[in-house]
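Engineer: generate coordinates for the sequence data below:
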Amino acid sequence: MEKKCNPTYGRVDELLSLLTKSKSLHMLMVLDRKKNPARFSELKKLVDSSSTTVARRLNELETHGLVSRTQTPSSEHGFEYSITEDAKSLSPILQSLFEWVDERSFSHPNEFILNYS
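Structural biologist: Next comes the predicted model:
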């Protein structure tokens, strides 16, 4: 008898693929901790990344319902970005992941060494 794979595994893989792209987690963390929405230029500065990378990640995060974009009242060409309720619900899970890696970095110093240069 053939067993079918639970389709949720594929959706988890898709989410992890999105979150592991350059600056995705950092942007979600920044937006999660901000009290107000962030303009593009502010977010770009906070995550220390190129305009291209920030634009791509924001578009992908918005497409997946993790970031919302609203037009600023003061400018017809300005937009602000904020984290959605779905993304907020991920926050404790991501925090647990960060804590798990942080704890392991002390007990297993040769694991999870990442080169960000």
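Engineer: go ahead and confirm residue 90 touches residue 31.
Structural biologist: No - when contacts are counted by Cβ atoms under 8 Å, residue 90 is not listed as touching residue 31 (11.6 Å). (Glycine included, C-beta is placed from N, CA and C.)
Engineer: which one of those two has more residues nearby?
Structural biologist: Higher neighbour count among residue 90 and residue 31: residue 31, with 24 against 18, using other Cβ atoms under 10 Å.
Engineer: could you pull out the strands for the protein?
Structural biologist: 38-39, 67-71, 79-83 (DSSP state E).
Engineer: now do the first one, average pLDDT.
Structural biologist: Model confidence over strand 38-39, given as mean pLDDT, is 94.
Engineer: what do you get for the second one?
Structural biologist: Strand 67-71 shows a mean pLDDT of 95 in the predicted model.
Engineer: pairing partners for it, with directions?
Structural biologist: Sheet pairing of strand 67-71 (DSSP bridges) gives strand 79-83 (antiparallel).
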